[in-house]
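> sequence unknown, structure follows:
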């Protein structure tokens with residue numbers, strides 16, 4: 001499990017390899033990751049955008065930007081949490097993901113929160129730094 005807190009927003013990520021969605025013979029490995037976003041602050045926030053940096057085991061980088069997460073722009077009052085699961089295919093047996101969420105407050109203020117770097121490794125592999 002990986003965790004980061006920025007501006008009173010806690011992001012927790014738990015990745016897992018999905019062998020049933022992977023095709024190693026075709027050079028495709030797939031991971032799911034569950035994210036929990038918790039508002040530890042005193043002000044309501046809304047997640048407006050995401051930015052991911054995905055690096056595969058060969059050092060190739062892909063950036064993904066978009067509105068919200070999994071088709072939603074969740075609103076989190078103080079003390080509330082929101083969870084979702086998504087996935088990431090790679091053409092290597094390992095990789096790493098890191099990123100940010102863009103949050104907005106009711107008064108129009110905006111700030112980025114860190115998504116902690118997390119490793120995408122096969123269950124029986126020795127973790128590597130990509």
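In hand now; what should we look at? For clarity, every value in this text was computed on a predicted model and none was experimentally measured. Numbers count the residues shown, from 1 in each chain.

> going by C-alpha atoms from here, please, whenever you check contacts or count neighbours.
OK.

> ok now stretch 23-43, how far from the chain's centre?
Counting by CA atoms, centre = their mean, to the nearest Å, stretch 23-43 is centred 5 Å from the centre of its parent chain.

> show me what the closest residue to residue 2 other than its chain neighbours is bridged to.
With sequence-adjacent residues excluded and distances taken as CA to CA, 6 or more residues apart in numbering, residue 2 is closest to residue 13, at 5.2 Å. Beta-bridge partners for residue 13, by DSSP bridges, are residue 2, residue 35.

> and the gap between residue 13 and residue 83?
Computed as CA to CA, to the nearest Å, the residue 13 to residue 83 distance reads 10 Å.

> who touches both of the two?
Residues touching both residue 13 and residue 83 (CA atoms under 8 Å, 6 or more residues apart in numbering) are 34, 35, 36.

> let me know how buried the second one is, in neighbour terms.
For residue 35, the tally of surrounding residues (other CA atoms under 10 Å) stands at 20.

> then the first one?
Other residues near residue 34 come to 15 when the count uses other CA under 10 Å.
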